[in-house]
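**Student:** Just to be clear, the model below is a prediction. Sequence and coordinates:
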Amino acid sequence: MFLAKNTFLLNFQYDLRRLCTQAIQIDKQFDGQAKFSDFGLPDHILTVLNSKFKNPTAIQAKSLPVALNGSSMVGVGKTGSGKTLAYLLPALAHINKTRNVLSLISHNKRRHRSGVYNGPGALLLAPTRELATQIYEVCQEYTAGDIDVVCCIGGEPLATQIRDYKSLQPGLLVATPGRLAALLDRKAVKLVDVGYVVMDEADRMLDLGFETHIRLILSQVRPRSQMLMFSATWPETIHQLAEEFLGDYQTIEVGGKNRNIEQRITVVDEVNRDYEFMEIIRGLSGKKILVFTDRKTNVDRLEVLLRRECIPALGIHGDKLFQDRMKIINLFREGSCQIMVASDVAARGLDIPDVEVVINYDFPQDKQHYIHRIGRTGRVDKSGTAITLFSEQDCKYADFLLEILQETDQIIPKELHKFAEIGKLEYPPLGPIGRQKQKIREHQMGVNKFRKCKITGRWVQASSMFGRKRHELNQSGFVYD
């Protein structure tokens, strides 16, 4: 009896998957001249799309046929290229087609019990609360009440999210891995019916140590679910994990580096960094400026420095409450504040229109963050400017920066070549064995960044085990910057 029941469930899942895939099958491969009407999307979605855009972007035109065919994929495209819609539109199509198939199967009561809710049809994961909130707002715009959407992120009451999940029974769930893992641990949500999974900014998600949570989440979804990963950067260290999570998948890489951004490198001495920064700010009066810095203390210090010069500015970093961060981001997005100082919590995925200038007060410790930082300007074929303060202390990044500047035909200061030579002497390139050791070390750092405390049973930062300030992780997930 037990074997027969499980065999029935497996057959039902296979039939559902096969029918859904057939229902959204697309045989054509479209190029840059494609139209949204070519992809068989619902009329109410086409109405919204046509009111906002003329044609799909390059990443959308190449990703939509693959995603709508039911294939797993990795999408790599430049910042501001429209990756959100590239995975959201297939998610909505998947949910609609799944509903149609279930309505047909529900006539056979032996195969499907009507009225049983086993979770959403699609799941969208994002590494940060801010990005998850932005994705949720875009989903609300395109579902138009036809599909219920719930957002589960940290910083919001757990009880409220559980209540919304149970009352709305959403077809689409947007979440951060930490909060969703906590909900699964409480058995407050089900993911049995999830057949479409997206990991946005996937490299950052895995790099930040969410691997354990992602494994837990993916173990709860339907077997052979369609999985997609999207990002603007795709380093080698993530490839192995992608192959494990996605299985057989296609890689679509579009656009390369963003050539709409003018990149200026200002060489400074450490003692004069603040002076050079203020001179740049004064020369950009009236423009919408986003300033990035690595340290949270620098965010607060630069915010105070600007205000002392009677220049209105607001700052965000991971130590501020999520509600306060979102309020500041919205003020900056609306134009009420023209200058925002931020740590890398704002470097990934956030779509803030009309940012004219990005200033890197310091060069990011993670090289890939540079691409994401400057990508906050020059979005959707608009032009923008990125100014980076670079000193001799950053010489180990000079070779990487030179490569980017050469690829995008930017003006290269003479000092940068000198810094690149110094960087090669002080930080010689690793051989094959050294690179392998570095990959292992980076992977272990991501996995072991958090450990379970034997006393409290909570997940804490590994450093706090050795007498440093304890940062207990709440059930909402983690705050990174």
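**Tutor:** Received, thanks.

**Student:** Which of the helices and strands in the protein ranks last by mean pLDDT?
**Tutor:** Lowest by mean pLDDT, DSSP states H and E among the helices and strands of the chain is helix 2-23, with a mean of 41.

**Student:** what comes up buried for the helix or strand following that helix?
**Tutor:** Of the helices and strands lying after helix 2-23 in sequence (DSSP states H and E), the nearest is helix 43-52. Residues 45, 49 are the ones in helix 43-52 that count as buried (16 or more other CB atoms under 10 Å). C-beta coordinates here come from the backbone N, C-alpha and C atoms, glycine included.

**Student:** Heading C-terminal from helix 43-52, find the next helix or strand.
**Tutor:** Scanning onward from helix 43-52 (DSSP H and E), the first element met is helix 58-68.

**Student:** Name the strands paired with the helix or strand just after that following helix and say parallel or antiparallel.
**Tutor:** Note on helix 58-68: by DSSP H and E, the next helix or strand toward the C-terminus is strand 73-77. Looking at strand 73-77 with DSSP bridges, its partner strands are strand 226-231 (parallel), strand 250-254 (parallel).

**Student:** Strand 73-77 to helix 58-68, inter-axis angle?
**Tutor:** Per axes from the mean of the first three to the mean of the last three CA atoms, to 10 degrees, the angle that strand 73-77 makes with helix 58-68 is 170 degrees.

**Student:** Outside of strand 73-77 itself, which residues are in contact with it?
**Tutor:** Contacting residues not belonging to strand 73-77 are listed as 57-59, 63, 66-67, 83, 86-87, 202, 228-234, 242, 246, 249-255 [CB atoms under 8 Å, 6 or more residues apart in numbering].

**Student:** the helices in the stretch 351-481 of the chain, which residues?
**Tutor:** Along the stretch 351-481 of the chain, counting by DSSP state H, counting those that start in this stretch, helices occupy 367-374, 398-407, 414-426, 432-447.

**Student:** what comes up buried for the third one?
**Tutor:** By neighbour count on 16+ other CB under 10 Å, the buried set for helix 414-426 is 416, 419, 420, 423.

**Student:** swap in the second one?
**Tutor:** Buried residues in helix 398-407, counted by 16+ other CB under 10 Å: 398, 399, 400, 401, 402, 405.

**Student:** Just the mean pLDDT for that helix, thanks.
**Tutor:** The average pLDDT within helix 398-407 is 88.

**Student:** hmm, who's touching it?
**Tutor:** Helix 398-407 is contacted from outside by 256-257, 263, 265, 363, 367, 370-371, 388, 390, 410-412, 416-417, 419-420, 422-424, using CB under 8 Å, 6+ apart.

**Student:** make it 10 Å
**Tutor:** For helix 398-407, the external contacting residues (CB atoms under 10 Å, 6 or more residues apart in numbering) are 256-257, 259, 263-265, 363, 367-368, 370-371, 374, 388, 390, 392, 394, 410-413, 415-424, 427, 429.

**Student:** what domains does the record give for the chain?
**Tutor:** 2-254, 261-426 (automatic domain parsing).

**Student:** tell me the contacts of residue 270?
**Tutor:** Contacts of residue 270 were listed using CB under 10 Å, 6+ apart, and they are 362, 389, 391, 392, 393.

**Student:** would CSV of those residues with distance to residue 281, neighbour count and pLDDT be doable?
**Tutor:** Shown next, in CSV, are the contacts of residue 270 (distance: CB to CB, whole Å; neighbours: other CB atoms under 10 Å; pLDDT from 0 to 100):
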residue, distance to residue 281, neighbour count, pLDDT
362, 15, 20, 92
389, 12, 22, 95
391, 18, 19, 90
392, 23, 15, 88
393, 22, 12, 87
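
**Student:** Pull the most distant pair out of these.
**Tutor:** The span of those, defined through CB to CB, is set by 362 and 392 at 12.9 Å.

**Student:** between these two, what contacts are shared?
**Tutor:** Taking CB under 10 Å, 6+ apart as the criterion, residue 362 and residue 392 both touch 268, 270.

**Student:** Below-threshold pLDDT in this protein: ranges please.
**Tutor:** Applying pLDDT under 70 to the chain flags residues 1-33, 100-115, 237, 255-258, 349, 380, 425-481.

**Student:** for it, which residue is closest to the average position?
**Tutor:** Residue closest to the average C-alpha location in the chain (CA atoms, centre = their mean): residue 201, at 3.0 Å.

**Student:** Test my guess that it contacts residue 176.
**Tutor:** No - judged on CB atoms under 10 Å, residue 201 makes no contact with residue 176 at a distance of 11.1 Å.

**Student:** Need the overlap of contacts for those two.
**Tutor:** Here residue 201 and residue 176 share the contacting residues 125, 126, 127, 128, 131, scored by CB under 10 Å, 6+ apart.

**Student:** residues near the second one, how many?
**Tutor:** Just to be clear, that refers to residue 126. By other CB atoms under 10 Å, 27 other residues sit near residue 126.

**Student:** got it, and the third one?
**Tutor:** The local packing count at residue 127 equals 26, with neighbours defined by other CB under 10 Å.

**Student:** Can you say which of the strands paired with strand 73-77 is packed in most?
**Tutor:** Comparing the strands paired with strand 73-77 by mean neighbour count (mean count of other CB atoms under 10 Å), strand 226-231 ranks first with a mean of 26.

**Student:** Quick check: what element follows that one along the chain?
**Tutor:** Helices and strands here follow DSSP H and E; after strand 226-231, the next one along the chain is helix 239-246.

**Student:** residue boundaries of the strands in the stretch 251-400 of the chain?
**Tutor:** 261-267, 289-292, 314-316, 339-342, 357-360, 384-390 (DSSP state E, counting those that start in this stretch).

**Student:** for the stretch 51-200 of the chain, same thing?
**Tutor:** 73-77, 122-125, 149-152, 172-175, 196-200.

**Student:** Please dump the ones you listed into CSV; it should also carry mean neighbour count for every row.
**Tutor:** What follows is the strands of the stretch 51-200 of the chain, written out as CSV (neighbours: other CB atoms under 10 Å):
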stretch, mean neighbour count
strand 73-77, 24
strand 122-125, 26
strand 149-152, 24
strand 172-175, 27
strand 196-200, 27
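
**Student:** Just send the ones you listed back as JSON lines, with distance to residue 276 too.
**Tutor:** Compiled in JSON lines, the strands of the stretch 51-200 of the chain are given as follows (distance: least, CB to CB, whole Å):
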{"stretch": "strand 73-77", "distance to residue 276": "33"}
{"stretch": "strand 122-125", "distance to residue 276": "40"}
{"stretch": "strand 149-152", "distance to residue 276": "41"}
{"stretch": "strand 172-175", "distance to residue 276": "41"}
{"stretch": "strand 196-200", "distance to residue 276": "35"}
